[in-house]
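Participant: Below is the structure, and that's it, no one-letter string:
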């Protein structure tokens, strides 16, 4: 063993880097699926709009995408300044995930199929940006450049993470007899006195674990823990978290098979109500369920007068592949961009009315009165 020591791979650090790399590759390959950090990144995106609002329209619309990339990049820079390059590499994976997310949003500038918070009433950031710069025809190229930037960040993070997954183990220095300083009587020197320099070299590799070093990074760790906590809370769903703790709040098991429900409606000559919802992530959807759709008054009304079809788009609950495919096809067919959305159809599929959002300050009886004229119209169509 040399005096300089030898590097040894830390298996836990290496496993984390490998897992994050696989996660990022999967994230880039499945842009149509929901992922663990989507909720947190969405919060950062929306915060970015408000933070950059004073800087003008262009920065306002760019601000959402900028913020979701700048926040993890700020952590990366800070860890680099503290020469903790392994932690910086981990932050690099988070940066790459957000770059991939922005590339998907930018690539949607023409078709605008992605559901947006606020529905059709809000402006698609990248559609506005590309039109403003007269570059809508270059949407695919811009999205590709952003996406490949994400791959570059992912590669750099993986390489750096692997390099700094190794812990440098210092070789113990051999004790050296003490020597007399100039002008000191050699007979008064203790030859077995420990060599201070050698002891310092032996323990140098432990300095990075000292309480002082940890304390200097404590704010970063607290901030990261807060980000992870927000992601967990968002992914579980705020109301879903409370329900899991209390054991209550089961959702009404409305039918979800579109073909079977349509056949039932035609047999019974009843109108059809399509309920497009995000049960585990959309606050307005959860409010509509709790205050209206899950009440006994509405369920009794629905049982007698209509065929209700629940089309759910959960972000954190597993769905059968066929059900997910059906719901995505129906979302495209009915051009749904906001949640919740209610469609009232005749028994033959003719659109009678469309309603978006959750009406504020009303109960089930008022809601029934509001939709009843359309229900009766659908029953005789």
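Facilitator: Arrived safely, thanks for sending. Keep in mind the model is a prediction, meaning the values are calculated, not measured. Residues are numbered from 1 along each chain as shown.

Participant: low pLDDT regions in the stretch 151-300 of the chain?
Facilitator: Low-confidence segments of the stretch 151-300 of the chain (pLDDT under 70): 168-252.

Participant: Could you list the buried residues of stretch 284-297?
Facilitator: Neighbour counts over stretch 284-297 (16 or more other Cβ atoms under 10 Å) mark 284-289, 291-295 as buried. Where you see a C-beta, it was placed from the backbone N, CA and C, and this is true even at glycine.

Participant: so how far is residue 298 from residue 87?
Facilitator: As for residue 87, its distance to residue 298 is 52 Å (criterion: Cβ to Cβ, to the nearest Å).

Participant: do residue 154 as well
Facilitator: In terms of Cβ to Cβ, residue 154 sits 48 Å off from residue 298.

Participant: Pick out whichever of the two has more residues nearby.
Facilitator: Taking other Cβ atoms under 10 Å, residue 154 and residue 298 do not tie; residue 154 has more neighbours (23 against 20).

Participant: how near is residue 148 to residue 318?
Facilitator: 32 Å.

Participant: between the two, who's got more neighbours?
Facilitator: residue 148 (12 against 7).

Participant: Helix or strand: which one has the more buried one?
Facilitator: Residue 148 is part of helix 139-163 when elements are defined by DSSP states H and E.

Participant: How about that helix, which residues are buried there?
Facilitator: Applying 16+ other Cβ under 10 Å to helix 139-163 flags 139, 142-143, 146-147, 149-151, 153-154, 157-158, 160-162 as buried.

Participant: Those residues: which two are farthest apart?
Facilitator: 139 and 162 (35.2 Å; Cβ to Cβ).

Participant: Now do stretch 322-331: distance to the chain's middle.
Facilitator: Distance, stretch centre to chain centre, for stretch 322-331: 22 Å (Cα atoms, centre = their mean, to the nearest Å).

Participant: Stretch 149-164 now?
Facilitator: On Cα atoms, centre = their mean, the centre of stretch 149-164 falls 20 Å from that of its chain.

Participant: Mind listing residues that contact that stretch?
Facilitator: Stretch 149-164 is touched from outside by 13-14, 16-17, 20-21, 24-25, 28, 85-86, 88-90, 92-93, 95-97, 99-100, 103, with contacts defined as Cβ atoms under 8 Å, 6 or more residues apart in numbering.

Participant: Where do the helices of the stretch 1-150 of the chain begin and end?
Facilitator: 11-29, 38-52, 57-81, 85-107, 125-132, 139-163 (DSSP state H, counting those that start in this stretch).

Participant: Point out the most buried one among the ones you listed.
Facilitator: Highest mean neighbour count of the helices of the stretch 1-150 of the chain: helix 85-107, a mean of 23 (counted as mean count of other Cβ atoms under 10 Å).

Participant: Please name every helix or strand in contact with that one.
Facilitator: If you count contacts as 3 or more Cβ pairs under 8 Å, 6 or more residues apart in numbering; DSSP states H and E, helix 85-107 packs onto helix 11-29, helix 38-52, helix 57-81, helix 125-132, helix 139-163.

Participant: Quick one: classify residue 375 as helix, strand or coil.
Facilitator: On the three-state scheme (DSSP: H, G, I helix; E, B strand; the rest coil), residue 375 is labelled helix.

Participant: What's the separation between it and residue 270?
Facilitator: Counting by Cβ to Cβ, the gap from residue 375 to residue 270 is 9 Å.

Participant: Phi first, then psi, for residue 271.
Facilitator: The phi/psi pair for residue 271 (degrees, to the nearest 10) reads phi -70, psi 170.

Participant: Distance to residue 332 for the helices of the stretch 1-150 of the chain - can I get that in CSV?
Facilitator: Below are the helices of the stretch 1-150 of the chain laid out as CSV (distance: least, Cβ to Cβ, whole Å):
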stretch, distance to residue 332
helix 11-29, 21
helix 38-52, 20
helix 57-81, 24
helix 85-107, 16
helix 125-132, 18
helix 139-163, 19
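
Participant: quick one: which of these is nearest residue 276?
Facilitator: Of all these, helix 38-52 sits nearest to residue 276, with 18.8 Å by Cβ to Cβ.

Participant: For residue 354, which three-state class applies?
Facilitator: Per three-state DSSP, residue 354 ends up strand.

Participant: Give the residue spans of the stretch 1-150 of the chain that score low on pLDDT.
Facilitator: In the stretch 1-150 of the chain (pLDDT under 70), the answer is 1-7, 117-121.

Participant: cutoff 50 now
Facilitator: Where the stretch 1-150 of the chain drops to pLDDT under 50, the residues are 1-3.

Participant: How much space separates the residue nearest to residue 278 when sequence neighbours are not counted from residue 89?
Facilitator: The shortest distance from residue 278 to any non-neighbouring residue, by Cβ to Cβ, 6 or more residues apart in numbering, is to residue 339 (4.6 Å). Taking Cβ to Cβ as the measure, residue 339 and residue 89 are separated by 37 Å.

Participant: now swap in residue 286 and tell me
Facilitator: Counting by Cβ to Cβ, the gap from residue 286 to residue 89 is 38 Å.
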